[in-house]
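Student: Sequence below, structure please.
(2 chains)
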Amino acid sequence: MRILIVEDEPDLLRSLAQAFREEGYAVDSANNGEDGLFNAQSYDYDAIILDVMLPKLDGWEILKRLRKTKKTPVLVLTARDQSRDRVRGLDTGADDYVIKPFDLPELFARLRALIRRSANQPTSVIEVGDVKIDTAARDVFRANQPVELTAREYALVAFLALHRGEVVTRSQLYEHLFDENESSLSNLLDVHVSNVRKKLGPDFITTRRGHGYCIE
Amino acid sequence: MKIFNSIKWRLQLWYGVILVLVLAGFGFTAYQLEWGRQMHRVDNELQRRVGMIATALHRPPRGPEFGERPFGSPPPDRPADGPPEQISHRPVEFHVPPQAAGLFGPGDANNFYFVIFRDGKEIAGSTNQPDETIIQSLRSSRISSLTLPPPLNEAGPPPPQTIGEFRNVCRPLPSGDVIWVGGSIAPELKQLNLTALKLTGAGGIILLLGLTGGWWLVRRALQPINDISATAAKISTGNLSQRINVAETESELGKLTAVLNSTFARLESAFAQQQQFTADAAHELRTPVSVILTQTQTALSRERAVAEYRETVEACERSAQRMRRLIESLLELARLDAGQETLKRLRFNLAGTVNGCVKQLKPVASQRNVDILTELAPVEITGDAERLAQVVTNLLVNAIQYNRPGGEVRVKLEAQPGLAVLIVTDTGSGISAEDLPHVFERFYRGDKSRTVFNGHAGLGLAISRAIVEAHGGTIEVASRTDRGTTFTVRLPVT
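Tutor: Coordinates of the predicted model:
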């Protein structure tokens, strides 16, 4: 999962980015409105966390412009707590609205729900054959036995499971599993896929030659 | 509400009492006039009869050819002339003209009678004498007992006397005889009673009409007060947008209503400002609290290297410092607002203070490659040097902060008659015309993002203005986009 955080308070941006990375997300960040909008329009993020009071371009404007081209789920994170602000935010195209100060676990849960909804997945537990993926606890079980996955492997499994039945291209996977700072070596993905197959069964991920990967 | 605490009821009571008094006065006067009129008529009747009897007493008997006859011996041939007149006790020789004789007796509703006294003794009278008590009281009258002819020319005829239901008129004669003629005034009294009844009835109706009309008038007049109190009650429960409906703008209550409405409007705007201020203050605290929460929750989620903990603690410290500065600013504003901030009143050279501030900020300015140019004339003012230094520092920091690299800040202090004028000019990007009127507002920041400078979170200029105004001075701003901004502080020299 790859997300974008747009926030102008440096300490908050840094700690949010760190926290989400530790949750297994690939995180891009922007500290002003212009960069934020540019990033949001350039990539298909799984979700965007957007502050409202931003230099150069405020959050409302970013939302308005972004909504012309993209349906990326947006969580507005702001200190503006009045009802009319929330209404305005949601009406402008925000998918969720969290008021500062917030609790990190709640923010995580809201973002997970946002991503789940955008992938039309009603619950946080996805079952594929005898494999069960708990996206809330970030645990994977095979035949009710917990399976140890690395963060990147888990991200790969979770992304494919969320888009179950769809063929996900390699470039999509690269875009969603790695952030802008990571070097994405072309064979890195193959390594992760083969490791996942070792742990969850050879048929768990099918390869569509010339297209990409898929969880059936 | 006790009934007599109500203005409506008190007014009603007052004019009710006044109306009753006025009506009673009118009624009494009307009754008196009517009484006088009736008595006057009766008295005239009585006087006419007195005159006749007096004439008869004066005239010597001339014989029956005049139609006269000795008193007390009615002629048998003329019974229709009236009841026979008789003289009791001591017969007196005199004649009553027959037409006069017809005027006494029960033929009339007044039942006229006459009595003649001589030396306090009853010497003659009509047959239809009133009862003994009246005779008695007439006899005991001062005039009846006079032995000498009374001095008629002096006091005029003695006043009529009313005894019970009988009216009596007397005429003392030069001969010493006193003629009393009286009659029942029962018909007149009946008439007067009827009049009194009519007057009372009319008065009652007028009183009722007056009270009803008054009640209506008072209710109408006081209705706006009810409206006002109802609206005020709504406002006191928190609905500050309520206004009193003004129907008559020109009446006294209309004017009061207008005054109240404008007061309510000011109250509402002050309240809204206060709410906005509180919301802004909370808003300013949200971000540092978010930083602390996020930082600590992230750090605590797993074991960290010492360097990472250190980073977290440093970020927390920055946030805490920011909150501290915000709280200090808020408290300072609150104190200045409440007037609790006791300013020192000492005489000092403002130029020295400004110079000190400039020196302190020189390193910051050179860091940003900004020059500070000063032109300070010595001006002595009375005030709080520390507070005013805060104002100067704030203006300077703004001028440096919003300047372009390589720009300059000009600080000019001049003495004008009665004023010390401090002008701080920068060569920065200026303030937009849209923002300019708001720069002294609390928490107002031009760029809307939370770039906090000077630790004031948009309170610096608000505090500066509060301090300057506490000194009786003014602070103004002028700005041209891309040319720079000028702040002018005027302080009275006292």
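
Student: now the stretch 251-400 of chain B, which segments are flagged as low pLDDT?
Tutor: Applying pLDDT under 70 to the stretch 251-400 of chain B flags residues B:340-341.

Student: where does it come near chain A, residue by residue?
Tutor: Within the stretch 251-400 of chain B, the positions adjacent to chain A are B:279, B:282-284, B:286-287, B:289-295, B:297-298, B:301-302, B:312, B:315, B:318-319 by C-beta under 8 Å from any C-beta of the partner chain. (C-beta placed from N, C-alpha, C; glycine too.)

Student: By mean pLDDT, point me to the weakest helix or strand of chain A.
Tutor: helix A:170-177 (a mean of 84; mean pLDDT, DSSP states H and E).

Student: Quick check: buried residues in that one?
Tutor: Within helix A:170-177, the residues that qualify as buried are A:Gln172, A:Leu173, A:Tyr174, A:Glu175, A:His176, A:Leu177, counting by 16 or more other C-beta atoms under 10 Å in any protein chain shown.

Student: one step back: from the residues of the stretch 251-400 of chain B next to chain A, list the buried ones, please.
Tutor: Listed as buried from these are B:283-284, B:286-287, B:289-295, B:297-298, B:312, B:315, B:318-319; burial here means 16+ other C-beta under 10 Å.

Student: Do a quick rundown of the helices in chain A.
Tutor: Secondary structure of chain A, counting by DSSP state H: helices at A:10-22, A:33-42, A:59-66, A:83-92, A:104-118, A:151-162, A:170-177, A:188-200.

Student: For the ones you listed, give me JSON lines that also has distance to B:Met323.
Tutor: Shown next, in JSON lines, are the helices of chain A (distance: least, C-beta to C-beta, whole Å):
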{"stretch": "helix A:10-22", "distance to B:Met323": "13"}
{"stretch": "helix A:33-42", "distance to B:Met323": "25"}
{"stretch": "helix A:59-66", "distance to B:Met323": "23"}
{"stretch": "helix A:83-92", "distance to B:Met323": "22"}
{"stretch": "helix A:104-118", "distance to B:Met323": "20"}
{"stretch": "helix A:151-162", "distance to B:Met323": "35"}
{"stretch": "helix A:170-177", "distance to B:Met323": "38"}
{"stretch": "helix A:188-200", "distance to B:Met323": "44"}
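
Student: For A:Glu216, which of those is the nearest?
Tutor: helix A:151-162 (10.2 Å; C-beta to C-beta).

Student: Any residue of the closest one touching chain B?
Tutor: No - using C-beta under 8 Å from any C-beta, helix A:151-162 stays clear of chain B, with a minimum separation of 12.4 Å.

Student: so how far is that helix from its chain's centroid?
Tutor: Averaging C-alpha positions (C-alpha atoms, centre = their mean, to the nearest Å) puts helix A:151-162 11 Å from its chain's average.

Student: again with stretch B:195-209
Tutor: For stretch B:195-209, the separation from the chain centroid amounts to 33 Å (computed by C-alpha atoms, centre = their mean).

Student: Ok, stretch B:343-360 next?
Tutor: Here stretch B:343-360 is found 54 Å from its chain centre; the criterion is C-alpha atoms, centre = their mean.

Student: Can you pull out the residues in contact with that stretch?
Tutor: B:372, B:374, B:376-389, B:392-393, B:396, B:411, B:413, B:420, B:422, B:470-471, B:491 (C-beta atoms under 8 Å, 6 or more residues apart in numbering or on different chains).

Student: and those, which of them are in helices?
Tutor: Here DSSP H is the test, and the contacts of stretch B:343-360 give B:Ala385, B:Glu386, B:Arg387, B:Leu388, B:Ala389, B:Val392, B:Thr393, B:Leu396, B:Ala470 as lying in helices.

Student: Filter the residues you listed down to the buried ones.
Tutor: When these are checked for burial by 16+ other C-beta under 10 Å, the buried set is B:Ala385, B:Arg387, B:Leu388, B:Ala389, B:Val392, B:Thr393, B:Leu396, B:Ala470.

Student: care to break the chain down by domain?
Tutor: Picked chain A for this. Using automatic domain parsing, the domain parsing of chain A gives A:2-118, A:125-214.

Student: should've been chain B
Tutor: Per automatic domain parsing, the domain ranges recorded for chain B read B:3-149+B:158-190, B:252-337, B:344-492.

Student: Tell me which of those domains lies nearest to A:Pro146.
Tutor: For A:Pro146, the closest of the domains of chain B is domain B:252-337, at 18.6 Å, according to C-beta to C-beta.

Student: List phi and psi for B:Val370.
Tutor: Per-residue torsions, B:Val370: phi -120, psi 130 (degrees, to the nearest 10).

Student: Can you give me the distance of it to chain A?
Tutor: Per C-beta to the nearest C-beta, to the nearest Å, B:Val370 is found 21 Å from chain A.

Student: Over to B:Ala232?
Tutor: Shown here: B:Ala232 relative to chain A, a distance of 28 Å by C-beta to the nearest C-beta.

Student: Can you list phi and psi of that residue for me?
Tutor: Per-residue torsions, B:Ala232: phi -60, psi -40 (degrees, to the nearest 10).

Student: Show me what from chain A comes close to chain B.
Tutor: Proximity of chain A to chain B is confined to A:8-9, A:11-12, A:14-16, A:18-19, A:22, A:53-55, A:58, A:79-82, A:99-105 under the rule C-beta under 8 Å from any C-beta.

Student: how many neighbours does the closest residue to B:Leu459 other than its chain neighbours have?
Tutor: Nearest in space to B:Leu459, with sequence neighbours left out and distances taken as C-beta to C-beta, 6 or more residues apart in numbering or on different chains, is B:Ser329 at 4.3 Å. B:Ser329 has 23 neighbours, counted by other C-beta atoms under 10 Å in any protein chain shown.

Student: How about B:Gly16?
Tutor: So B:Gly16, with other C-beta under 10 Å, has 16 neighbours.

Student: Dump the domains of chain A into TSV; add distance to B:Ala365 as well.
Tutor: Converted to TSV, the domains of chain A look like this (distance: least, C-beta to C-beta, whole Å):
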stretch	distance to B:Ala365
domain A:2-118	23
domain A:125-214	37
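
Student: Just give me the lowest mean pLDDT stretch among those.
Tutor: Lowest mean pLDDT of these: domain A:125-214, a mean of 84.

Student: distance between the ends of it?
Tutor: End-to-end distance for domain A:125-214: 18 Å, by C-alpha to C-alpha, to the nearest Å.

Student: And for stretch A:130-150?
Tutor: Stretch A:130-150 has an end-to-end distance of 20 Å (C-alpha to C-alpha).

Student: A:Leu149 is nearest to which of the domains of chain B?
Tutor: Nearest of the domains of chain B (C-beta to C-beta): domain B:252-337, 17.1 Å.

Student: Counting neighbours, what do you get for B:Lys8?
Tutor: Using other C-beta under 10 Å, B:Lys8 has 15 other residues around it.

Student: What residues does it make contact with?
Tutor: Counting by C-beta under 8 Å, 6+ apart, B:Lys8 touches B:Val218, B:Arg219, B:Leu222.

Student: State the helix or strand in which it lies.
Tutor: Per DSSP states H and E: B:Lys8 is located in helix B:7-58.

Student: Run the chain-centre distance for that helix.
Tutor: Centre-to-centre, helix B:7-58 and its host chain are 41 Å apart (C-alpha atoms, centre = their mean).

Student: Kindly report the same for stretch B:364-384.
Tutor: 58 Å.

Student: Can you list the buried residues in it?
Tutor: Residues of stretch B:364-384 classed as buried: B:Ala365, B:Val370, B:Ile372, B:Leu376, B:Val379, B:Ile381, B:Gly383, B:Asp384 (neighbour count, 16+ other C-beta under 10 Å).

Student: Surely the first one is in contact with B:Leu373?
Tutor: Just to be clear, that refers to B:Ala365. No - here B:Ala365 lies out of contact with B:Leu373, judged by C-beta atoms under 8 Å, at a distance of 10.6 Å.

Student: Now do the helices in the stretch 301-450 of chain B.
Tutor: For the stretch 301-450 of chain B, helices defined by DSSP state H, counting those that start in this stretch occupy the ranges B:306-338, B:350-367, B:385-401.
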